[in-house]
Structure formats: structure tokens, C-alpha cells
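Visitor: Sequence first, then the predicted structure:
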Amino acid sequence: MITIKSPEEIAIMREGGNILANVLKEIEKMAKPGVATIDLDRAAEALILKHGAKPSFKGYHGFPHSVCISINEEVVHCFPSSRVLKEGDVVCLDLGAFYKGYHTDMAETIAIGKTSYEAKRLILVTRKALKRGIKKTKIGNTTGDIGNTVQRYIESQGFSVIRDLCGHGIGKDIHEDPAIPNFGKRGHGEKLLEGMVICIEPMVIAGKDYHIKKSKDGYGFSSKDNSLTAHFEHTIAITKKGPKVLTEI
């Protein structure tokens, strides 16, 4: 069931989103060669708690950490561990915060030190795809309008859109209706209404094969052909004045 949020509820989610964006900014500064991903996770949890929020992901469907940290061919939902970041790695940091009864969710993909031209382009294209999707988040448009825009741009750049994972509604639960695919047809899917809050999250594979497989940790997902991946996400409210990004500083 799709839930409609009041302006007061959206204001609370904006507060939580600001906390989350600031935490992510701090964690990105720490993500350097030689740093273990578990240390990023612990730092993120401490910062979220310091700001009066709770990590949305910890305990969700048995996930034991606060941040999903996916590296190179890994797409999403991978465990932090003693694995150390290396020069040239492409790393996705995906985290959520539960604040005053509401969740927000966001993700960024960053390069560790110097990386390849193709990796930089993959990150740039995925970021731009999210921005293009957000522009379609208007009253009267559909989830298919968002997905179609994301898909067409990504594929025009020679990359592939993952089909088996998608964005989602968000609010009192971390994952709510509707599903927000990163592909689709214009005019199809759920109609966007004022007061809906959704997460748009393009997940992109550098190769031509968009299929995924379970990661080595048995929880996350990786590209089937081991190509590099990138993932960006924002929490967005649909308002009369257009899309309002809640997860930014």
C-alpha cells in the first residue's frame, strides 16, 4: 500500500535526511587506501547515533551492520569486513537513518585514489542518471516515466541497467510501495501523487550483461560477468513545487 506523507512528516524526514547526508560526507572522507570497510561501518554507526538517529539497516532481514559497502563488481547489500580499500577501487556506500519514526536512505559511489577513465565515466553516468530520474519525479508522472528516463540515458552511454533490483517507497518502513524500477515504459506503473516519498537508485553495470549473482558473502549481489558497477540513491518527496531531495546537506 502506498502511503501519503503530510508536510509535517516530510519535514521530519528532511531532518533525518540531512543527518544522513552529513554522515555519508564524513564517511567518504575516511574512505582511503589502507582503510578497512568495517572501520567505515563503525564510524557511520557512531555518527548516526550521535545525531539522535538509529541505523536503518542494522538488523533489517538479519543484516548485522549499519552500512552496505560494495566494491568494484559488487552491486549492493554487501557486508563491511576486514577487507582493506585499495587504490583504484570503486566503492558504493549505502546507508539509512531512522529518525523520529521515519527512515531515509541514500547511496554514493566513489573512487578510491586514482582510478581508470572507464570507472570515472561509470560513476559520472550513474550520478547523472539519478539526477535525470529525479527531474521526472513530478505529480502526474509515473514510475515508468522515471525508469524509462534512467534506462535510456544509461544505455545511451553504453552501460547496462540492473533489472532485478529497484528503488522503493519509504517512510515509517525502510521499504514501502511502490517499487521504482530503473527501466520501463513512459506512462506505465504507479502514478506519482503529492505527498509520496520514494527512493530512486540507479544500479549500473559497465558491461553489456545486466544480470547479477549472489556475492561471496552470500547476502549482497555482484555483476554476473564481474564488470564494475555503480549505485547512487536519494530519498525524494513529491510536492506541488516539484521533487524535493530530502537526503542532501
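Guide: Ah, there it is.
Visitor: Enumerate the positions of the longest helix anywhere in the chain that are buried.
Guide: The longest helix of the chain (DSSP state H) is helix 7-30. Of the residues in helix 7-30, those with enough neighbours to count as buried (16 or more other C-beta atoms under 10 Å) are 9-10, 12-21, 23-24, 27. From N, CA and C alone the C-beta is placed, and that goes for glycine too.
Visitor: And stretch 121-130, by the same measure?
Guide: For stretch 121-130, the neighbour count (16+ other C-beta under 10 Å) marks 122-123, 125-130 as buried.
Visitor: Could you do stretch 60-71 as well?
Guide: Of all the residues in stretch 60-71, those buried under the rule 16+ other C-beta under 10 Å are 63, 65-71.
Visitor: Helices along this structure, start to end?
Guide: Taking DSSP H as the test, the helices found in the chain are 7-30, 37-50, 117-135, 143-156.
Visitor: Contacts only, for residue 149.
Guide: Shown here is residue 149, whose contacts under the criterion C-beta atoms under 8 Å, 6 or more residues apart in numbering are 132-133, 135-136.
Visitor: how does it look with 10 Å?
Guide: 129, 132-137, 141, 182, 184, 186, 200 (C-beta atoms under 10 Å, 6 or more residues apart in numbering).
Visitor: Kindly report the same for residue 224.
Guide: Remark: with contacts taken as C-beta under 10 Å, 6+ apart, residue 224 is in contact with 73, 205, 207, 209-213.
Visitor: hang on, the earlier thing: let me have the buried residues of stretch 121-130 in TSV, adding pLDDT and distance to residue 59 as columns.
Guide: As requested, these are exported to TSV (pLDDT from 0 to 100; distance: C-beta to C-beta, whole Å):
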residue	pLDDT	distance to residue 59
122	98	32
123	98	30
125	98	34
126	98	28
127	98	30
128	98	34
129	98	31
130	98	27
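Visitor: ok, so of the buried residues of helix 7-30, who is nearest residue 40?
Guide: Distance to residue 40, by C-beta to C-beta, is smallest for residue 27 among those, at 5.4 Å.
Visitor: I'm done for today, thanks for sticking with me.
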